[in-house]
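In: just coords:
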């Protein structure tokens, strides 16, 4: 048993290198387990509350009886929160077009559009919901509810440029609206415009102090302090920051490598992230201070701000294979996060990131070591990473890269990991894991 412990510890160090420096002893668990690693502590970000639906009274409108009856029926159904149909929207539009001088019918159309948009948002039909809310906002040049609902929707959808535009539209109506200011701050933060974001958040705190705005402002200020004095380079897909002349050569080389990997990932995932990706290169200790990453980490993708942070002390302009692997690994996380709208589970993230590095379980482990993995005798962080890679290899064997792409896309469309797995692989995530474990045991277990 002692020999087994030593061998497994050495294995973890050898095969996982920079990510898994701690020794990984065998686990007594009966099957290879994928366990969630602790999530990073993130500042709470305020979600703008949807304004209560205001349904106007239409009982005494001076319109023809047929229109009055249609307006009453629609108003009654809205007050009961009944599902809104396309016919309801057409009816409301028709009533307003025939009697645009009646404020109640304008309000009825607005309420109908907002209710329809809420339904589309619940089904994650973000494009349709946004179009509907923009129409609702156009009906009232001074109205805030539809504008704030649009801002909230676009933040959920991760469309940061459009969210910024929606926030500014709301602020044109009320320059001191705290929700719009906070939403603007977060949208700017996600576009890597930190100073503008900090200004918006200070204004939000001045208008209405909230814990979420205060926490986000503190995070932004820390980031600006961490990156103070850095040189910045821009390409079409990246902003890269590094410690001036000390890393100028490696900064340029990393930019070239990132662009190469970006093109590879666009082809592989049949997807291109909408936002520019920020990559920040730190000296080693500054990296740990800025990212909060564990000592064995060689890079980190932050799901909250969409940025990649990498330690680079000692690098030259000739990138090592290890650093090149780190770049495509972390960039893969950015693609997965964007494609799945943040829904992809941790094992899919880490398994795919390793797969895109070119890692394969059979080439990393001897047959005997694969048996240990199948038997659940490699635990800890090492067992997690190896298990995640094996799980992704299993999914690839079932439906190839096309299946993976369908899985990530469906996660983003439905907001449900289990529903995505059911549609693509015939069972939810738990069932898919169980099928992978069974296959691994049959093929390689003792």
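Out: Thanks, I have the structure now. All values derive from a computational prediction rather than experimental measurement.
In: Could you list the buried residues of the helix or strand hosting residue 349?
Out: With elements taken from DSSP states H and E, the one containing residue 349 is helix 346-357. For helix 346-357, the neighbour count (16 or more other C-beta atoms under 10 Å) marks 347-357 as buried. In short, each C-beta sits where N, CA and C put it, glycine included.
In: Now do the strands for the stretch 201-350 of the chain: every range, in order, please.
Out: Using DSSP state E, counting those that start in this stretch, the strands found in the stretch 201-350 of the chain span residues 231-234, 238-242, 277-282, 300-301, 307-311.
In: What residue spans form the domains of this structure?
Out: Per the record, the chain has its domains at 26-40+346-444, 65-226, 231-339, by automatic domain parsing.
In: Of those, which shows the lowest average pLDDT?
Out: Here those differ in mean pLDDT, and the lowest is domain 231-339 at a mean of 79.
In: how far out from the middle of the chain is it?
Out: Distance of domain 231-339 from its chain centroid, counting by C-alpha atoms, centre = their mean, to the nearest Å, is 17 Å.
In: May I have the distance across it, first residue to last?
Out: 30 Å (C-alpha to C-alpha, to the nearest Å).
In: before we move on, back to that, buried stuff in the helix or strand that the helix holding residue 349 is followed by?
Out: From helix 346-357 onward toward the C-terminus, using DSSP H and E, the following helix or strand is helix 361-364. Buried positions in helix 361-364, judged by neighbour count with 16+ other C-beta under 10 Å: 361, 364.
In: Residues contacting helix 361-364, please?
Out: 15, 370, 373, 386, 389-390, 393 (C-beta atoms under 8 Å, 6 or more residues apart in numbering).
In: coming back round to it: using JSON lines, lay out the strands of the stretch 201-350 of the chain together with distance to residue 161 and mean neighbour count.
Out: Formatted as JSON lines, the strands of the stretch 201-350 of the chain follow (distance: least, C-beta to C-beta, whole Å; neighbours: other C-beta atoms under 10 Å):
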{"stretch": "strand 231-234", "distance to residue 161": "16", "mean neighbour count": "14"}
{"stretch": "strand 238-242", "distance to residue 161": "15", "mean neighbour count": "21"}
{"stretch": "strand 277-282", "distance to residue 161": "14", "mean neighbour count": "24"}
{"stretch": "strand 300-301", "distance to residue 161": "21", "mean neighbour count": "23"}
{"stretch": "strand 307-311", "distance to residue 161": "17", "mean neighbour count": "24"}
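In: do you know which of those lies nearest residue 340?
Out: strand 300-301 (13.3 Å; C-beta to C-beta).
In: Which parts of the stretch 251-400 of the chain are helices?
Out: Secondary structure of the stretch 251-400 of the chain (DSSP state H, counting those that start in this stretch): helices located at 284-291, 321-339, 346-357, 361-364, 367-374, 380-414.
In: Can you tell me which of those helices is packed in deepest?
Out: Comparing those by mean neighbour count (mean count of other C-beta atoms under 10 Å), helix 346-357 ranks first with a mean of 23.
In: okay, the angle between that one and helix 380-414?
Out: Orientation of helix 346-357 against helix 380-414 (axes from the mean of the first three to the mean of the last three C-alpha atoms, to 10 degrees) gives an angle of 100 degrees.
In: and helix 346-357 with helix 321-339, angle?
Out: Helix 346-357 and helix 321-339 are oriented at 130 degrees to each other (the same axes, to 10 degrees).
In: So what does the most centrally placed residue in the chain have for phi and psi?
Out: With distances taken as C-alpha atoms, centre = their mean, the residue of the chain nearest its centroid is residue 342 (3.1 Å). Dihedral angles of residue 342 (phi, psi; degrees, to the nearest 10) stand at phi 80, psi 10.
In: Pull the contacting residues for residue 105.
Out: By C-beta under 8 Å, 6+ apart, the residues touching residue 105 are 58, 61, 63, 71, 92, 95-96, 99.
In: and the residues you listed, which of them are in helices?
Out: 71, 92, 95-96 (DSSP state H).
In: With neighbour count and distance to residue 262 as new columns, can the residues you listed be given to me in JSON lines?
Out: Putting these into JSON lines (neighbours: other C-beta atoms under 10 Å; distance: C-beta to C-beta, whole Å) gives the following:
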{"residue": "71", "neighbour count": "24", "distance to residue 262": "53"}
{"residue": "92", "neighbour count": "26", "distance to residue 262": "45"}
{"residue": "95", "neighbour count": "25", "distance to residue 262": "50"}
{"residue": "96", "neighbour count": "21", "distance to residue 262": "47"}
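In: nearest to residue 333, of those?
Out: Residue 333 lies nearest to residue 92 out of these, by C-beta to C-beta, at 44.0 Å.
In: Could you tell me which residues make contact with the closest one?
Out: By C-beta under 8 Å, 6+ apart, residue 92 lies in contact with 74, 105, 108-109, 112-113.
In: In which helix or strand does residue 197 reside?
Out: Assigned by DSSP H and E, residue 197 belongs to helix 194-207.
In: for that helix, which positions count as buried?
Out: Under the neighbour-count criterion of 16+ other C-beta under 10 Å, helix 194-207 has 194, 197-201, 203-205, 207 buried.
In: Equivalent analysis for stretch 95-111, please.
Out: 95-96, 99, 102, 104-111.
In: cool, and stretch 260-267?
Out: For stretch 260-267, a neighbour-count test (16+ other C-beta under 10 Å) marks 261-262, 265 as buried.
In: from those residues, which is closest to residue 325?
Out: Of the buried residues of stretch 260-267, the one sitting nearest to residue 325 (C-beta to C-beta) turns out to be residue 261, at 10.0 Å.
In: hang on, residue 348 packs against residue 333?
Out: No: using C-beta atoms under 8 Å, residue 348 is not in contact with residue 333; the gap is 10.5 Å.
In: quick one on the thing from earlier: from the contact counts, what lies against the helix holding residue 197?
Out: On a contact count with 3 or more C-beta pairs under 8 Å, 6 or more residues apart in numbering; DSSP states H and E, helix 194-207 meets helix 178-190, helix 211-226.
In: Comparing those helices, which stretch has the densest surroundings?
Out: Mean neighbour count (mean count of other C-beta under 10 Å) peaks for helix 178-190 among the helices and strands packed on helix 194-207, with a mean of 26.
In: by how many degrees do that one and helix 211-226 diverge?
Out: Here the directions of helix 178-190 and helix 211-226 differ by 30 degrees (the same axes, to 10 degrees).
In: gap between helix 178-190 and the chain center?
Out: 17 Å.
In: What is the burial count for residue 417?
Out: Residue 417 has 18 neighbours, counted by other C-beta atoms under 10 Å.
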